[in-house]
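One predicted model, sequence on top.
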Amino acid sequence: MPQQFETGVTGLRASVDGPVATLLLDRPERRNAVTGAMWRALPGLLDRLAAAPGVRVLLLTGAGGTFSAGADIGELTRIYADPDLADAYHAENVAAEEALAAFPHPTIAVVHGHCVGGGCQLAAACDLRFVAEDALLGITPAKLGVVYPAVPTVRLARLVGPARAKYLLFSGELVDARRAELFGLADEVLPADRLDARAREFAELLATRSPQTIGAAKAALAADDPAAALAPWERKSRHAPDVREGLAAFLERRRPNF
């Protein structure tokens, strides 16, 4: 039975089931648009999920057949009426994305339906994206005159390449799942009725792999200086039990117990 977490904010639900934590964007009546309160709550909630005993993987998804329509447009008129409020709002967005990107275990965005704007930013901040065949993805600031902060802009370019980042950001157009896969914005594309089961299956697979190897890879791939980021992991690995256990399990033809 999944353990439910108290999130303290409407629109976010969280649970832990074995090694897999699930974070649900839960405003289906607004296509899971992300409110300011949700952005502010995400870093603390992610910290709590990371600290939950036994958690090894995080799934991020949306309720009601939609990942997220992005930021709550109903709030933006008020926020953009005051430059200071707009600055604070963007800082909160970036803090939430950075907390997701820094989650110490693998993160998978499970994308049904629309994944737009701030919702696509959250998906891009995950390590992997599993996407339904009928999903639509895009980042739409050019339709609103919004200037995105540097962090999500650079993250998108690192993920899909500068040319495709320009295509998405300049046009604000939504792309289908197969084109998103071609862009590098989707890692697996599946029929909608198989997506959740496949994401869970893959999450459980990752939970059997070495946290040391995964943590080191995450650190190196996120760093401007991969060698410096890897150095402490390499030193730690010389004394940690993962390699010994992995080699022993291989020779004994059994699953390693990391």
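That came through fine.

Next, the buried residues of the host helix or strand of residue 100.
In the assignment (DSSP states H and E), residue 100 maps to helix 83-101. By neighbour count on 16 or more other CB atoms under 10 Å, the buried set for helix 83-101 is 89, 90, 92, 93, 94, 96, 97, 99, 100, 101. For every residue, glycine as well, the C-beta is placed using N, CA and C.

Alpha carbons of it, as PDB, please.
Provided in PDB are the C-alpha atoms of helix 83-101 (Å, rounded to 0.1, in the frame of the first residue of the first chain):
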ATOM      1  CA  PRO A  83       8.300  43.800 -11.600                       C
ATOM      2  CA  ASP A  84       9.300  42.700  -8.100                       C
ATOM      3  CA  LEU A  85       6.600  40.100  -8.000                       C
ATOM      4  CA  ALA A  86       7.700  38.800 -11.400                       C
ATOM      5  CA  ASP A  87      11.300  38.600 -10.300                       C
ATOM      6  CA  ALA A  88      10.300  36.600  -7.200                       C
ATOM      7  CA  TYR A  89       8.100  34.300  -9.200                       C
ATOM      8  CA  HIS A  90      10.800  33.400 -11.700                       C
ATOM      9  CA  ALA A  91      13.200  32.800  -8.800                       C
ATOM     10  CA  GLU A  92      10.600  30.300  -7.400                       C
ATOM     11  CA  ASN A  93      10.300  28.600 -10.700                       C
ATOM     12  CA  VAL A  94      14.000  28.200 -11.000                       C
ATOM     13  CA  ALA A  95      14.400  27.000  -7.400                       C
ATOM     14  CA  ALA A  96      11.700  24.300  -8.000                       C
ATOM     15  CA  GLU A  97      13.400  23.100 -11.300                       C
ATOM     16  CA  GLU A  98      16.800  23.100  -9.700                       C
ATOM     17  CA  ALA A  99      15.500  21.000  -6.800                       C
ATOM     18  CA  LEU A 100      14.100  18.500  -9.200                       C
ATOM     19  CA  ALA A 101      17.300  18.400 -11.300                       C
END
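
which residues are in contact with that helix?
Residues outside helix 83-101 that contact it (CB atoms under 8 Å, 6 or more residues apart in numbering): 36, 39-40, 42-43, 46-47, 60, 71, 78-80, 107, 118, 121-122, 125-126, 149, 151-152, 155, 222.

Tell me which stretches of the stretch 151-258 of the chain form helices.
162-171, 177-183, 192-206, 211-222, 226-237, 242-251 (DSSP state H, counting those that start in this stretch).

So which elements touch the shortest one?
If contacts are counted by 3 or more CB pairs under 8 Å, 6 or more residues apart in numbering; DSSP states H and E, helix 177-183 sits against strand 128-132, strand 136-138, strand 188-190.

ok, residue 99 to residue 41 distance?
Residue 99 sits 10 Å away from residue 41, taking CB to CB, to the nearest Å as the criterion.
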